[in-house]
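In: 3D, please:
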Amino acid sequence: MRIYEPETRTPEFTTRLTEIWERSVRATHLFLSNSEVEIIKAYAPQALNDVPRLVIAEEHPGIPAGFMGVEGQKLEMLFLSPEARGKGLGRKLFQYGMDRYGVSELAVNEQNPQARGFCEHMGFRVYKRTETDEQGGPYPLLYMKL
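Out: Below you'll find the predicted structure:
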């Protein structure tokens, strides 16, 4: 397994990561409808290109299995392919972010209890809740800090 930060973010690479994003969301964000996933997916490439720090996890050379995005000390995104879940990749990404960038804050969808449980396992605790997501959608967010 390898954790690294890509030097460039080509359209092909972003497409591969968007595919991981979609498969991850369909496996974990069961509260989203098919059409909602498709709408959000349209923004994924821009988010992947705009996040200041993009970190990739590979199980096999050249094949991304997951990724995270970090801005400042905030974890902006963390997605794993369904096949990669439960193998320690998420923990290794998290640890990389905490060690290298001092990640100490994040937000998770309240309706994704697996993500909340994982973040709590990593030492994060809820300090704030909102009724809507950052785009104003009807998806409560839990803001967490170490």
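In: can you count the residues close to P138?
Out: 9 (other C-beta atoms under 10 Å). Where C-beta positions appear, they are placed from N, C-alpha and C, glycine not excepted.
In: dump the residue contacts of it.
Out: Counting by C-beta atoms under 8 Å, 6 or more residues apart in numbering, P138 makes contact with E131, T132.
In: report the secondary structure state of it.
Out: Under the three-state scheme (DSSP: H, G, I helix; E, B strand; the rest coil), P138 adopts coil.
In: which residues in the chain form strands?
Out: For the chain, the strands defined by DSSP state E occupy 2-4, 53-60, 63-71, 74-80, 105-109, 125-130, 141-145.
In: could I get these as a markdown table with distance to E19 and mean pLDDT?
Out: Below are the strands of the chain laid out as a markdown table (distance: least, C-beta to C-beta, whole Å; pLDDT from 0 to 100):
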| stretch | distance to E19 | mean pLDDT |
| --- | --- | --- |
| strand 2-4 | 19 | 96 |
| strand 53-60 | 13 | 96 |
| strand 63-71 | 9 | 97 |
| strand 74-80 | 10 | 97 |
| strand 105-109 | 20 | 97 |
| strand 125-130 | 29 | 98 |
| strand 141-145 | 25 | 98 |
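In: make TSV from those and add mean neighbour count and distance to T28 to it.
Out: Shown next, in TSV, are the strands of the chain (neighbours: other C-beta atoms under 10 Å; distance: least, C-beta to C-beta, whole Å):
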stretch	mean neighbour count	distance to T28
strand 2-4	14	21
strand 53-60	18	16
strand 63-71	20	12
strand 74-80	21	9
strand 105-109	20	9
strand 125-130	12	18
strand 141-145	19	15
